[in-house]
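J.: Fold the following, please.
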Amino acid sequence: MTAQPRGASPPVCEFLQHLRSVYRHHTEVHVREITGPLFSLDLAINALRDLDSRSDAPIHVTVLGPTQVGKSTVVNVLVGREVAGTSPLAGFTRSLQGFGAHLSDRQAAAIRSSLLPAQASPALRRLDAAEGGLTAEAHAIWDTPDFDSHGSREYRNVVTAVSAAADLIVLVVSKEKYSDLTVWQILELLYPLNRPLVVCLNKLDADRELLRSALQRRIEESRYRDRQLPICDLNYVEGGDLAGLLSDPQTQRFADTVRKMLRAQPLTARREGLLRLLDEHWGQWLRPVHHERHAAHRWQQTIEREIEIAVETYATQYLEQSRHYGAMNRTMVQLLALLEIPVLARPLAGARQLLTWPMRKLFSGREAPEVSSVDVELETLASAFEHLLTSLRRNISEGVAGNGHDAVWWRSVARAFDVERADVEQAFAAEAKAYQQAFSAEIERAARALYQRLSERPATLNSLRAARVTADAAGVALAFKTGAIGVNELVLTPAMLSLTSFLAESAVGTYVNSVKADLKEQQRDRVHRLLGDICTQRLTRLTTRLQDDRIFNVGTAQLHEIERLRRTL
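T.: This next block holds a predicted model:
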């Protein structure tokens, strides 16, 4: 069972694991380099786990180095006998080998279960008393695979695991490898943790002082110039003669140096090292996350802008077009029902004649417009929404044409948008009809308010009831209520236009105009909410449901919470 961090650590650790899992799907070469985010994330995750599993932990000595520097030989030197296999071939050690001395059963079990959760069964060999070790205290010496070969990208996680667990790191280099870039990159990565470090210059056969001076200069040029790093050297022995190497005074001095430094690093120092590591790499890890948040914010702003454009289109093409605007005429229909006209002016059969009463006069000799059975309001809304979707897709295409992680995010949005578009259009059409039906209640309230105002002026009310135009309009109202005519025909009916004009010129004219303005404002607000709700539910939130392994999908609130927890570690 893997040991889980306590306190603020679990959510931070889970967050870092999420970042790592996404980065693993990124194909850029730099992601998998030692200086890339994957390697540092591995180190941070293992350092978090280590911090919460130090109870009764043995001392860990981690032997690191590039290929062919003799790491396994150094491990044998530290143990005092041959326990790690060696070979002159490069990359002989390709998996982790651990050698534990004076370990309790509990300590051994803890190492196997929690030190390397990614490795089902760490290769840990428990040494008996006769096989020696560095000290009488419980400790484990780790022989690691290389970190510089191309194939090492597949097993570098074990290097970071034992580096994070280390109380002492022994960096092994040779005269051919001490100046390799990867050596100094791994040192740079480990620097924030501030683990005690010994540098072992191995396989020396000549130019000892020259090589030591060159290595010392290189250290002084690095971040480690402020730390006193001991440099030990081991002689080259022909044929891998371990007995001869163990008897060499240089070897004894190296082993003594390691023993002097061999102690458990205090928990406070380990916590400080972890925090420095997080601070140093946090910006690099979150750079693409912030790019996604910026792109999501741009997406939200684009949606909001397009909603405003769609509302303006609706207002211009419907609300402000008297020949199309039907809400006021529907209000008149409700008002006529409230007036209780004694005799409807025309039977239903004659209602159609009212529609054809001289339409050419109404339009000053111009050809009368064709009456359509299409609901103009719904048609206008559908057209405005279609334009909104088209504009949004164009903005997505502009994002896809960009560079870097932004383009990856926008491509994912493009796929999701194209999949969802037809459903979004259907959902909007249904919601638009529902809005129109629900608005009937507002029309009825407007009619009642008009009737109430008329009731306060009996003379105007009586003249309205007696007027011929009222009877004519009542016939149209009957036709509308029984379905003989539609809302578009209602708008164009001269009788209804005349009734509206009669009221506008009466004592309640100002109030009639305010009712009309209020209806328009309500419709505008409701359409704005309708567009906002649909876009929020189906388009804005689309970016939180992207099905792409390369997308981090970290919300702003989650990011703020992780930042807070990080400060409490």
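J.: just for the chain, where's the confidence low?
T.: Within the chain, the segments meeting pLDDT under 70 span 1-7, 86-94, 116-122, 129-132, 150, 152, 340-374, 463-508.
J.: who does the longest helix seen in it touch, helix- and strand-wise?
T.: Assignment by DSSP state H gives helix 267-314 as the longest helix of the chain. Helices and strands touching helix 267-314, by 3 or more C-beta pairs under 8 Å, 6 or more residues apart in numbering; DSSP states H and E, are helix 9-23, helix 37-51, helix 376-400, helix 404-438, helix 509-535, helix 556-566. C-beta: built from backbone N, CA, C; applies to glycine.
J.: Nearest to Ile141, out of those?
T.: helix 37-51 (16.8 Å; C-beta to C-beta).
J.: Okay, now the sheet partners of the helix or strand following the closest one, with direction.
T.: For helix 37-51, the succeeding helix or strand toward the C-terminus, using DSSP states H and E, is strand 59-64. Sheet pairing of strand 59-64 (DSSP bridges) gives strand 139-143 (parallel), strand 168-174 (parallel).
J.: which outside residues touch the helix or strand harbouring Leu454?
T.: Element membership for Leu454 (DSSP H and E) is helix 440-455. Here helix 440-455 makes contact (C-beta atoms under 8 Å, 6 or more residues apart in numbering) with 327, 330-335, 337-339, 460-461, 464, 503, 508, 511-512, 515, 518-519, 522.
J.: Can you show me the CA trace of that helix as CSV?
T.: Extracted C-alpha coordinates of helix 440-455, given in CSV (Å, rounded to 0.1, in the frame of the first residue of the first chain):
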residue,chain,number,x,y,z
SER,A,440,-47.7,35.4,-22.8
ALA,A,441,-48.1,36.0,-19.0
GLU,A,442,-46.4,39.4,-19.4
ILE,A,443,-48.7,40.3,-22.3
GLU,A,444,-51.7,39.4,-20.2
ARG,A,445,-50.4,41.6,-17.3
ALA,A,446,-49.8,44.5,-19.7
ALA,A,447,-53.4,44.2,-21.0
ARG,A,448,-54.8,44.2,-17.5
ALA,A,449,-52.7,47.2,-16.7
LEU,A,450,-54.0,49.0,-19.7
TYR,A,451,-57.6,48.1,-18.8
GLN,A,452,-57.1,49.3,-15.3
ARG,A,453,-55.8,52.6,-16.6
LEU,A,454,-58.8,52.9,-19.0
SER,A,455,-61.2,52.1,-16.1
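J.: Can you point out the buried residues in it?
T.: Of the residues in helix 440-455, those buried under the neighbour-count criterion (16 or more other C-beta atoms under 10 Å) are 442-447, 449-451, 453-454.
J.: for stretch 520-531, same thing?
T.: If you call a residue buried by 16+ other C-beta under 10 Å, then stretch 520-531 has these buried ones: 520, 522-524, 527-528, 530-531.
J.: Between all of those, which two are at the greatest distance?
T.: Using C-beta to C-beta, the buried residues of stretch 520-531 span at most 16.5 Å, a distance reached by Lys520 and Leu531.
J.: about what we covered before: mind putting the buried residues of stretch 520-531 in TSV, distance to Asn403 included?
T.: Shown next, in TSV, are these (distance: C-beta to C-beta, whole Å):
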residue	distance to Asn403
Lys520	46
Gln522	46
Gln523	44
Arg524	41
Val527	38
His528	36
Leu530	37
Leu531	32
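J.: out of those, which one sits closest to Leu388?
T.: Relative to Leu388, and with distances defined as C-beta to C-beta, the nearest of the buried residues of stretch 520-531 is Leu531, at 7.4 Å.
J.: what's the closest non-adjacent residue to that closest one?
T.: Spatial nearest neighbour of Leu531, chain neighbours left out: Ile307 (4.7 Å); criterion: C-beta to C-beta, 6 or more residues apart in numbering.
J.: His528 is in contact with the one you found, correct?
T.: Yes - counting by C-beta atoms under 8 Å, Ile307 touches His528, with 7.0 Å between them.
J.: so which of the buried residues of stretch 520-531 comes closest to Leu242?
T.: For those, the minimum distance to Leu242 (C-beta to C-beta) is 78.7 Å, reached by Leu531.
J.: So that closest one versus Gln437, what's the distance?
T.: 17 Å (C-beta to C-beta, to the nearest Å).
J.: With Leu124 instead?
T.: 72 Å.
J.: Got the domain ranges for the chain?
T.: Domain assignment for the chain by automatic domain parsing gives 9-265, 286-562.
J.: Could you tell me how many residues sit around Ser179?
T.: 12 (other C-beta atoms under 10 Å).
J.: Verify the assumption that it is located in a strand.
T.: No - counting by DSSP: H, G, I helix; E, B strand; the rest coil, Ser179 falls outside a strand, being coil.
J.: dump the residue contacts of it.
T.: Counted by C-beta under 8 Å, 6+ apart, Ser179 has contacts 214, 218.
J.: Go ahead and confirm Cys200 touches Asn235.
T.: No - shown here, Cys200 and Asn235 do not form a contact pair, counting by C-beta under 8 Å, at 11.7 Å.
J.: Could you check which of those two has the larger neighbour count?
T.: Between Cys200 and Asn235, counting by other C-beta under 10 Å, Cys200 is the more crowded of the two (26 against 15).
J.: how near is Thr144 to Arg32?
T.: Taken as C-beta to C-beta, the span from Thr144 to Arg32 is 18 Å.
J.: Give me the more crowded residue out of those two.
T.: Neighbour count, other C-beta under 10 Å: between Thr144 and Arg32, Thr144 has more, with 27 against 18.
J.: For the spatially most central residue of the chain, which residues are in contact?
T.: Residue closest to the mean C-alpha point of the chain, counted by C-alpha atoms, centre = their mean, is Asn553 at 2.0 Å. If you count contacts by C-beta under 8 Å, 6+ apart, Asn553 has them with 292, 543-544, 546.
J.: Tell me the buried residues within those residues.
T.: When the contacts of Asn553 are checked for burial by 16+ other C-beta under 10 Å, the buried set is 292, 543, 546.
J.: between Leu124 and Gln437, who's got more neighbours?
T.: Leu124 (19 against 9).
J.: does Ile551 count as helix, strand or coil?
T.: coil.
J.: Test my guess that it contacts Val408.
T.: Yes - the pair formed by Ile551 and Val408 meets the contact definition of C-beta under 8 Å, at 7.2 Å.
J.: Report the contact partners of the closest residue to Asp42 other than its chain neighbours.
T.: Among residues not flanking Asp42 along the chain, Thr160 sits closest, at 4.0 Å (C-beta to C-beta, 6+ apart). With contact set as C-beta under 8 Å, 6+ apart, Thr160 has these partners: 39, 42-43, 46.
J.: I'd like to know how many residues surround Tyr191.
T.: Tyr191 has 19 nearby residues by other C-beta under 10 Å.
J.: Can you give me the neighbour number for the nearest residue to it once chain neighbours are set aside?
T.: Leaving aside its chain neighbours, Tyr191 sits nearest to Arg223 (5.1 Å; criterion: C-beta to C-beta, 6+ apart). Per other C-beta under 10 Å, the neighbour tally for Arg223 reads 12.
J.: so what's Arg223 up against?
T.: Counting by C-beta under 8 Å, 6+ apart, Arg223 has contacts 187-188, 191.
J.: And for Ser412?
T.: Contacts for Ser412 were tallied using C-beta under 8 Å, 6+ apart; they are 546-548, 550-551.
J.: follow-up on the earlier one: tell me which helix or strand comes right after the longest helix of the chain.
T.: Taking DSSP H and E, what comes next after helix 267-314 is helix 327-339.
J.: Can I get stretch 195-214 in PDB? Just the C-alpha atoms.
T.: Below are the C-alpha coordinates for stretch 195-214, written out as PDB (Å, rounded to 0.1, in the frame of the first residue of the first chain):
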ATOM      1  CA  ARG A 195      20.700  17.000   0.100                       C
ATOM      2  CA  PRO A 196      24.200  16.400   1.400                       C
ATOM      3  CA  LEU A 197      26.400  15.600  -1.600                       C
ATOM      4  CA  VAL A 198      29.700  13.900  -2.200                       C
ATOM      5  CA  VAL A 199      31.300  14.000  -5.600                       C
ATOM      6  CA  CYS A 200      33.300  10.900  -6.500                       C
ATOM      7  CA  LEU A 201      35.800  11.200  -9.400                       C
ATOM      8  CA  ASN A 202      36.200   7.600 -10.500                       C
ATOM      9  CA  LYS A 203      38.600   5.600 -12.700                       C
ATOM     10  CA  LEU A 204      41.500   7.900 -12.300                       C
ATOM     11  CA  ASP A 205      44.900   6.800 -13.700                       C
ATOM     12  CA  ALA A 206      46.700  10.000 -14.400                       C
ATOM     13  CA  ASP A 207      46.400  13.800 -14.200                       C
ATOM     14  CA  ARG A 208      44.600  13.500 -10.900                       C
ATOM     15  CA  GLU A 209      45.300  17.100  -9.700                       C
ATOM     16  CA  LEU A 210      44.500  18.600 -13.100                       C
ATOM     17  CA  LEU A 211      41.100  16.800 -13.200                       C
ATOM     18  CA  ARG A 212      40.300  17.700  -9.600                       C
ATOM     19  CA  SER A 213      41.100  21.400 -10.300                       C
ATOM     20  CA  ALA A 214      38.900  21.300 -13.500                       C
END
